[in-house]
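Engineer: Below is the structure, and that's it, no one-letter string:
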């Protein structure tokens, strides 16, 4: 049976700061890495010129949605997180914040995201609501599903579908190639993230893709990144993107190849996993720049 003992004394941390940590505002990487595929979709669907209002909605919407997802995750895991070194000081795990406060913050975050749907079309709104069960039940998947990162990847996939449909009011064209690339990319970087907690997850009985693939995790990550690149190449050809996009894809390939080689080294340093996770944010932005410039004339 899992211990319910708090990881540490909550101390005198101000409530507002504890809420900010609950929302992961002190860790922008996780917020940006959800925003990126949503921006990919908006840029590609609008052929490099997405409406500024839509870009603002995407930025605020992904911040609100990822905040809600973090809180829901911590509510589910409040009795598990104290047993994992990386998560034991989270506000709900340490009992700095109550469950009631956590539910209130999650509700407010979802409410903010819902308010933004006023500016979307009916298809995009329907997709927003369809994404909610995946966000809410992803933490439960860690208890019953051997590869819960796939559920998380589907959450990222909704970011693509919502943004693309917000521009075109349809789900046609290259959207499904981009969706598949996003799902595989997310499987790759989140498997790396899970590798950092593999021993703790095994000890407390939580599933992860790192546990599922075991000693073949590096090879799995390499496959996911290679497949992402292949799908991106197919998308670039379908949309007739210019040399800027292909240059960005080559840079991304070099980055993913380097990460794969580092993961294959015997006994990699524990800090490597977090570094690779952060590097994928920059790779995502490089691809975003290539997509934006990919519709420009003259190159």
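Structural biologist: Nice, I can see it. No experiment lies behind these values; they were computed from the predicted model shown.
Engineer: Can you tell me what sits against stretch 41-52?
Structural biologist: 54-55, 58, 159-164, 166-168, 173-175, 178, 235, 239, 288, 291-296 (C-beta atoms under 8 Å, 6 or more residues apart in numbering). Just so you know, the C-beta spots here come from the backbone N, C-alpha and C atoms, and that holds for glycine as well.
Engineer: so how far does that stretch reach from one end to the other?
Structural biologist: 14 Å (C-alpha to C-alpha, to the nearest Å).
Engineer: Pull out the buried residues from the longest helix anywhere in the chain.
Structural biologist: The helix spanning the most residues in the chain, taking DSSP state H as the definition, is helix 52-76. Neighbour counts using 16 or more other C-beta atoms under 10 Å place 54-55, 57-58, 61-76 of helix 52-76 among the buried residues.
Engineer: Buried ones only from the contacts of stretch 41-52, please, as a ChimeraX command.
Structural biologist: To isolate the buried members of the contacts of stretch 41-52 in ChimeraX, using 16+ other C-beta under 10 Å:
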select :54,55,58,159,160,161,162,163,164,166,167,168,174,175,178,235,239,288,291,292,293,294,295
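Engineer: Show me the contacts of stretch 41-52 that map onto helices.
Structural biologist: Short answer: those in helices (DSSP H) are 54-55, 58, 159-164, 166-168, 175, 178, 235, 288, 291-293.
Engineer: so what's residue 198 up against?
Structural biologist: 208, 210, 211, 217.
Engineer: quick one, helices of this structure?
Structural biologist: Under DSSP H, the chain gives helices at 15-22, 28-45, 52-76, 99-116, 122-144, 148-168, 175-195, 198-204, 209-213, 217-238, 243-263, 271-293.
Engineer: which stretch in the ones you listed has the least confidence?
Structural biologist: Looking at the helices of the chain, the lowest mean pLDDT belongs to helix 198-204 (a mean of 87).
Engineer: quick one, what contacts the most centrally placed residue in the chain?
Structural biologist: Closest residue to the average C-alpha location of the chain: residue 34 at 4.3 Å, with C-alpha atoms, centre = their mean. If a contact means C-beta under 8 Å, 6+ apart, then residue 34 has 62, 65, 66, 156, 159 as its contacts.
Engineer: same question, residue 246
Structural biologist: Going by C-beta under 8 Å, 6+ apart, residue 246 touches 236, 290.
Engineer: now it: how far from residue 77?
Structural biologist: Applying C-beta to C-beta, to the nearest Å, the value for residue 246 to residue 77 is 41 Å.
Engineer: can you check residue 210 too?
Structural biologist: Where residue 77 is concerned, residue 210 sits at a distance of 16 Å (C-beta to C-beta).
Engineer: the more surrounded of those two?
Structural biologist: Shown here are residue 210 and residue 77; by other C-beta atoms under 10 Å, residue 210 has more neighbours (25 against 21).
Engineer: distance of the closest residue to that one other than its chain neighbours from residue 273?
Structural biologist: Nearest residue to residue 210 in three dimensions, chain neighbours excluded: residue 194, at 3.9 Å (C-beta to C-beta, 6 or more residues apart in numbering). Counting by C-beta to C-beta, the gap from residue 194 to residue 273 is 8 Å.
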